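1. Quick one, fold the following:
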Amino acid sequence: MGLVVQKYGGSSVADAEGIKRVAKRIVEAKKNGHQVVVVVSAMGDTTDELIDLAEQVSPMPSGREFDMLLTAGERISMALLAMAIKNLGHSAQSFTGSQAGVITDSVHNKARIIDVTPGRIRTALDEGNIAIVAGFQGVSQDKKDITTLGRGGSDTTAVALAAALDAEVCEIYTDVDGVFTADPRVVKKARKIDWIAFEDMLELAASGSKVLLHRCVEYARRYNIPIHVRSSFSGLQGTWVSNEPIQQGDRKVEQAIISGVAHDTSEAKITVVGVPDKPGEAASIFRAIADAEINIDMVVQNVSAASTGLTDISFTLPKTEGRKAIDALEKAKTAIGFDSLRYDDQIGKISLVGAGMKTNPGVTAGFFEALSDAGVNIELISTSEIRISVVTRADDVPEAVRAVHTAFGLDSDSDEAVVYGGTGR
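-> This is a model prediction of the structure:
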């Protein structure tokens, strides 16, 4: 038996009973002969509560102190889980991200992992311990400050450790039974996917599927670490995310033409009105956005009006970055020469993902027909070889997702998908 890395989200360790239940599952893996490394998130809504507390004390806390505060949540979880495991008669040691050797850059609140040097973890495993690691955090390479990886960063911590330790698999435990063809909170007849390729999972994650973080899947694909998404509330087989299909009996699971439908209502749209239609204008707009360290998603430029020589450029970005983007563009207004800005945060994105789309005529037509039949108006369109995304009104998203899901035959004939918790992480 080899080494496995298990990650448990906040809903799995939300209270004392949840921690005890997780401890039993970890001990079971240890009894089966595995070396076990566990990455744990903060309990329940602890991170949100710490953020609220910080805002009450200071409207603009420094990044360094904010990270010091937020990492307290995972330290509580890891210590309690180690205690619960010891109470079951097995030895466990807990480690912060820095103690586990998670080295990051110096960007507070959204640091990226540079390297993992898990010497203390290997020593703990060699001594027969279960290693418990606080997710979501690390230490900066230059200043040795505590950093956090951004929301959902525990997934990335788990995969990074799995790669550094050459683990057989990284098991991501959450509050649903795996990856579904749509969010089971929106589509009650969503089907669980047995196996999905890294590329399709990357598109689903980037398009709003919350069960796995995009950075986590990207890291796993780079180092070829199989991910097994499972529920910590049941013993059912989950979803395998890997390069190679899983084997069921005497056959391999085949890739579906359509993997699923994802949605995202966390984005906003900015339209730059009256942009001179000449070379370099779009570059100036997006350079101002890039200099503000803002990631954008979809971009559309209208055909310029012949009478004025002006055009409009629209793009989407996280709502949380909206104010910063507007300020950055206003500062560059004179240099760029646009007329005005429009901001809209009542939008939603719906995406259809599938590796077989490019070789199956009619997928695009079927997608737009389903939206039309549901009375959903489209504002922006973006495509790739395995994805079609559209922006609509936020209020239309649930109905649009259900319509597309049904139109492509993704509805399950069995019982409704079970959501054991409330967050999907």
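2. Spit out the contact partners of the closest residue in space to residue 239 that isn't next to it in sequence.
-> Spatial nearest neighbour of residue 239, excluding adjacent residues (CB to CB, 6 or more residues apart in numbering): residue 178 at 3.5 Å. Backbone N, C-alpha and C define where each C-beta goes, glycine included. If a contact means CB atoms under 8 Å, 6 or more residues apart in numbering, then residue 178 has 192, 193, 194, 211, 229, 230, 231, 236, 237, 238, 239 as its contacts.
3. Recalculate using a threshold of 6 Å.
-> For residue 178, the contacting residues are 192, 229, 238, 239, taking CB atoms under 6 Å, 6 or more residues apart in numbering as the criterion.
4. tell me which of those residues is nearest to residue 41?
-> Taking CB to CB as the measure, residue 41 sits nearest to residue 229 out of the contacts of residue 178, at 14.9 Å.
5. The closest one sits in which helix or strand?
-> Assigned by DSSP states H and E, residue 229 belongs to strand 227-231.
6. quick one: strands adjacent to that strand?
-> In the sheet, strand 227-231 lines up against strand 169-174 (parallel), strand 239-242 (antiparallel) (DSSP bridges).
7. Serialize the ones you listed to JSON lines and add fields for distance to residue 414.
-> JSON lines is the format used below for the strands paired with strand 227-231 (distance: least, CB to CB, whole Å):
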{"stretch": "strand 169-174", "distance to residue 414": "20"}
{"stretch": "strand 239-242", "distance to residue 414": "16"}
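8. Point out the most buried one among those strands.
-> strand 169-174 (a mean of 26; mean count of other CB atoms under 10 Å).
9. avg pLDDT for it?
-> Here strand 169-174 scores 94 as its mean pLDDT.
10. what's the answer for stretch 190-198, then?
-> Here stretch 190-198 scores 92 as its mean pLDDT.
11. closest to residue 352 out of the strands paired with strand 227-231?
-> Per CB to CB, nearest to residue 352 of the strands paired with strand 227-231: strand 239-242, 18.5 Å.
12. all helices for the stretch 201-350 of the chain, in order.
-> When assigned using DSSP state H, counting those that start in this stretch, the helices of the stretch 201-350 of the chain occupy the ranges 214-223, 281-291, 322-331, 333-336.
13. Identify the residues contacting residue 343.
-> When contacts are counted by CB under 6 Å, 6+ apart, residue 343 touches residue 270.
14. Endpoints of stretch 124-139, how far apart?
-> Stretch 124-139 has an end-to-end distance of 20 Å (CA to CA, to the nearest Å).
15. could you say what helices and strands the helix or strand containing residue 405 packs with?
-> Using DSSP H and E, residue 405 maps to helix 397-407. Contacts defined by 3 or more CB pairs under 6 Å, 6 or more residues apart in numbering; DSSP states H and E place helix 397-407 against strand 260-264, strand 347-353, helix 363-373.
16. Can I get it in CSV, CA atoms only?
-> Extracted C-alpha coordinates of helix 397-407, given in CSV (Å, rounded to 0.1, in the frame of the first residue of the first chain):
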residue,chain,number,x,y,z
VAL,A,397,-29.1,31.4,-14.7
PRO,A,398,-31.0,28.6,-12.8
GLU,A,399,-33.6,28.2,-15.5
ALA,A,400,-30.9,28.3,-18.2
VAL,A,401,-28.7,25.7,-16.5
ARG,A,402,-31.7,23.3,-16.1
ALA,A,403,-32.8,23.9,-19.7
VAL,A,404,-29.4,23.1,-21.2
HIS,A,405,-28.9,20.1,-18.9
THR,A,406,-32.2,18.6,-20.0
ALA,A,407,-31.6,19.4,-23.7
